[in-house]
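[1] Sequence and predicted model, in that order:
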Amino acid sequence: MYSQTVAEHIANPRNVGEIASPSGKGDVTNEACLDRILLTIKIEDTKIIDAKVKARGCPPTIAAASMLTQLIIGKSVIEAEDLTRNDLELALEFLPSTKKHCSLLAIDALRTAIENSQR
Amino acid sequence: MTEMKVYLDNSATTPVAKEVIEAMLPYLAEDFGNAQSVHAFGQRAKSAVEQARREVAALINAQAAEIIFVSGGTEADNLAIRGIVEAHQDKGKHIITTRIEHPAVLATCEALAQRGFQVTYLPVSRDGLINLEDVRAAITDETILISVMHANNETGVIQPLEAIAAIVNQRRAQGHGHLHFHTDAVQAVGKITVDVAQLGVDLLSLSGHKLHAPKGVGALFIKKGVRLAKLFYGGHHERDKRPGTENVPGIVALGKACELARREFGERTARMRELRDYLEQRILNEIPDVQINGDREHRVPNICNLSFAGVDGESLLIALDLQGIAVSTGSACSSGSLEPSHVLTAMQLKREEVRGSLRFSLSAYTTREEIDYAVEALREITARLRAMLPSDEVEASRVSSQA
């Protein structure tokens, strides 16, 4: 049902935690299934130098949250803003059609964190 | 930790017993005859079918003539329910069942409701038990069938069938002779004593692959004298109640599986209960914030359903699978379904409790070493997933599990 990549991130989630004084924070919940992603990012000179994530949810939500941190660390904020759910799904190799909301939740967390950093 | 393969999803299906495979093999090879044929090939097959019928009957204290072979639990449930309503609808069009039945019963009742039958779905308590007063109150002069499962497939909770039968008998004594009582005993047979005379049921469904026979074979007990319409039309097989060439190897396998279940009943059930209780105790002692779902006393010996606070059952399932351990979950989105378990929902469990639920189901062949391996993995995985929880949720889940 799930790709090797999704399974691998469940077994070994990356960048788990919360940055103490983050530049931005995205805390989003899918009210339908109650899955939640809390993303904190550290920005220096318009570049995301660190990202940490906490999550509760089904395998694709955890994998999407974990993969998201890998994709954004080292990217400029503008590059990160361009990231779409399709990019995330490609990186995860595959998500079943009933699980597309999980990648969307991760992208929501990213957008919210960036917006929050610009206030 | 050394990698092991641990199968704790025996309520979904069981491995076929070695003795069962050996028993059925001749009927795939040299004794391949059609049981309806009059020559020796056919008669050997027929004799094996009748021997299997006696074994199935013996396991549930029925007469051989009261056993009809079918393709499995779903067909047995369909034949029982639709067979009764088709044959007795002139007496009434009301069916009583419960909210926690297997889809084989629920979907059949829903289809009948589309055709104008009235269906009452009995609720269950937080422990997963129906209330006898609800049964009594639901029966009307129009009621022709009560279908209540024996043991639930998700929680293992056993319903009070004898007490329901007493209510049914009381109504019959009052002249309500068209009231019938069916039970889906797919999860009960081989796990607890199932005695059709003692239970007082008219119809009982059982399935081979839940008791170490292969998939594709099951049986329906139809009490002598109960009139039932057939679902299929064809030849006159199975006392004209279920046409179709007999699945001789499957039937032989079911017979052997029933014989083993009867012969080894005490040893198997004691072993399953001991290991299930050991699994449960270790989890409760070693992993914080876990609750048992369903009544602990009225429960088959091989199933436990647990909720792990703060984590998602499907994430636990996938992580366990990566370590070679197979379990099942009633949480949302599992098995391609977006709906959370209708059983746990009917028990009024909170969404969080349903989401964090896992079912462990053992068989006669489960070992202590396998349980130890599963508990170690579960402890490590639960800790890892909980470490991912936002800090405010750790507190919230702790409170919720203590409530």
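    Okay, I see it. The model shown is predicted, which means the values in this text are computed figures rather than measured ones.
[2] State whether A:Cys102 and A:Ser66 are indeed in contact, as I suppose.
    No - with contacts counted by CB atoms under 8 Å, A:Cys102 stays clear of A:Ser66, the gap being 11.5 Å. Glycine gets a C-beta too; all of them are placed from N, C-alpha and C.
[3] Residues in contact with the top helix by length along chain A: which ones?
    Taking DSSP state H as the assignment, the helix of chain A that covers the most residues is helix A:100-117. For helix A:100-117, the surrounding residues in contact (CB atoms under 8 Å, 6 or more residues apart in numbering or on different chains) are A:22-28, A:30, A:32-33, A:35, A:37-41, A:43, A:53, A:57-58, A:60-61, A:63-65, A:67-68, A:72, A:77, A:80-81, A:83-85, A:88-89, A:92, A:95.
[4] Would you indicate which residues of it are buried?
    Buried residues in helix A:100-117, defined by neighbour count with 16 or more other CB atoms under 10 Å in any protein chain shown: A:101-114, A:116-117.
[5] repeat for stretch B:15-33
    In stretch B:15-33, counting by 16+ other CB under 10 Å, buried: B:16-17, B:20-21, B:23-24, B:27, B:31, B:33.
[6] Okay, now the unreliable bits of chain B?
    B:1-2, B:331-338, B:395-403 (pLDDT under 70).
[7] how about the helix or strand that contains B:Thr74: buried residues?
    Using DSSP states H and E, B:Thr74 maps to helix B:73-88. By neighbour count on 16+ other CB under 10 Å, the buried set for helix B:73-88 is B:73-85, B:87-88.
[8] picking up where we left off before, and the two most separated of the buried residues of stretch B:15-33?
    Using CB to CB, the two most remote members of the buried residues of stretch B:15-33 are B:Ala17 and B:Gly33, lying 24.5 Å apart.
[9] Is it correct that B:Leu306 is in contact with B:Ile283?
    Yes - contact criterion CB under 8 Å: B:Leu306 and B:Ile283 qualify, at 6.5 Å.
[10] anything in contact with each of the two?
    What both B:Leu306 and B:Ile283 touch, as defined by CB under 8 Å, 6+ apart, is the set B:Val290.
[11] ok, and what's touching the helix or strand in which B:Gly255 is found?
    Assigned by DSSP H and E, B:Gly255 belongs to helix B:248-263. Helix B:248-263 is contacted from outside by B:16-17, B:19-21, B:23-25, B:27-28, B:31-33, B:35, B:45, B:48-49, B:51-56, B:58-59, B:69, B:189-190, B:208, B:211-214, B:216-219, B:268, using CB under 8 Å, 6+ apart.
[12] still on that earlier bit, helices - which of the contacts of helix A:100-117 land there?
    Among the contacts of helix A:100-117, the members falling in helices (DSSP H) are A:60-61, A:63-65, A:67-68, A:72, A:77, A:80-81, A:85, A:88-89.
[13] Please report phi then psi for A:Ile48.
    The phi/psi pair for A:Ile48 (degrees, to the nearest 10) reads phi -80, psi 110.
[14] since we're on it, how many residues are nearby?
    A:Ile48 has 25 neighbouring residues, counting by other CB atoms under 10 Å in any protein chain shown.
[15] Correct me if wrong: it contacts A:Ile41.
    Yes - between A:Ile48 and A:Ile41 there is a contact at 5.4 Å, judged by CB under 8 Å.
[16] overlap in contacts of the two?
    Any residue near both A:Ile48 and A:Ile41 by CB under 8 Å, 6+ apart counts here, and that gives A:Ile72.
[17] Chain B contacts on chain A?
    Residues of chain A lying close to chain B by CB under 8 Å from any CB of the partner chain are A:1-2, A:6-7, A:10-11, A:13, A:16, A:18, A:27, A:33-36, A:38, A:53-59, A:61-62, A:96, A:98-99.
[18] Name the SS class of B:Ile68, please.
    With DSSP: H, G, I helix; E, B strand; the rest coil as the basis, B:Ile68 sits in strand.
[19] Count the neighbours of it for me.
    Residues lying near B:Ile68 (other CB under 10 Å) number 26.
[20] Go ahead and confirm it touches B:Ala219.
    Yes - with contacts counted by CB under 8 Å, B:Ile68 reaches B:Ala219, the gap being 6.5 Å.
[21] just the helices in the stretch 101-250 of chain B please.
    All helices of the stretch 101-250 of chain B, identified by DSSP state H, counting those that start in this stretch, fall at B:103-114, B:132-138, B:161-173, B:196-199, B:248-263.
[22] surely B:Glu353 meets B:Asp289?
    No - with contact defined as CB under 8 Å, B:Glu353 does not reach B:Asp289; the gap is 11.0 Å.
[23] what do the two both touch?
    Shared contacts of B:Glu353 and B:Asp289, counting by CB under 8 Å, 6+ apart, come down to B:Ala309.
[24] Neighbours of A:Glu44, how many?
    When counting by other CB under 10 Å, one arrives at 9 neighbours for A:Glu44.
[25] which residues touch it?
    Listed by CB under 8 Å, 6+ apart, A:Glu44 has no contact partners.
[26] Beta-bridge partners for it, please?
    On the basis of DSSP bridges, A:Glu44 is bridged to A:Lys47.
[27] Distance-wise, check it relative to A:Gly17.
    Here A:Glu44 is placed at a distance of 18 Å from A:Gly17 (CB to CB, to the nearest Å).
[28] Same check on B:Arg262?
    Distance, B:Arg262 to A:Gly17, by CB to CB: 56 Å.
[29] and if you look at B:Ser391?
    B:Ser391 sits 10 Å away from A:Gly17, going by CB to CB.
[30] So the two - more neighbours on which side?
    Using other CB under 10 Å, the more surrounded residue of B:Ser391 and A:Gly17 is A:Gly17, with 15 against 10.
[31] Apart from its chain neighbours, what residue comes closest to that one?
    Excluding the flanking residues, the one nearest A:Gly17 by CB to CB, 6 or more residues apart in numbering or on different chains is A:Lys52, at 4.1 Å.
[32] And the one you found, what's its pLDDT?
    Note for A:Lys52: predicted pLDDT of 98.
[33] what sits against it?
    By CB under 8 Å, 6+ apart, the neighbours of A:Lys52 are A:15-19, A:39-40, A:69.
[34] B:Glu86 now?
    B:Ala229.
[35] Report the secondary structure state of B:Tyr90.
    Rather than Tyr, residue B:90 is Asp. Classification of B:Asp90 using three-state DSSP returns coil.
[36] residues contacting B:Ile81?
    Taking CB under 8 Å, 6+ apart as the criterion, B:Ile81 is in contact with B:95, B:105, B:108-109, B:112, B:145, B:147, B:182.
[37] Please apply the same query to B:Thr97.
    B:105-106, B:109, B:119-122, B:146-148.
[38] So what are the sheet partners of the helix or strand hosting it and their directions?
    Using DSSP H and E, B:Thr97 maps to strand B:94-98. Partners of strand B:94-98 in the sheet, by DSSP bridges, are strand B:118-122 (parallel), strand B:143-147 (parallel).
[39] quick one, the last one and helix B:161-173 angle?
    The reference is to strand B:143-147. Angle, strand B:143-147 to helix B:161-173, by axes from the mean of the first three to the mean of the last three CA atoms, to 10 degrees: 170 degrees.
[40] Identify all contacting residues around strand B:143-147.
    Residues outside strand B:143-147 that contact it (CB under 8 Å, 6+ apart) are B:77, B:80-81, B:84-85, B:88-89, B:91-97, B:101, B:105, B:109, B:135, B:139, B:164, B:168, B:176, B:178-184.
[41] hmm, which of these are the buried ones?
    Going by neighbour count (16+ other CB under 10 Å), the contacts of strand B:143-147 have B:77, B:80-81, B:84-85, B:88-89, B:92-97, B:101, B:105, B:109, B:135, B:139, B:164, B:168, B:176, B:178-184 buried.
[42] quick one, helices of the stretch 251-400 of chain B?
    Taking DSSP H, counting those that start in this stretch to define them, one finds helices in the stretch 251-400 of chain B at B:265-286, B:313-322, B:342-346, B:351-355, B:368-387, B:391-402.
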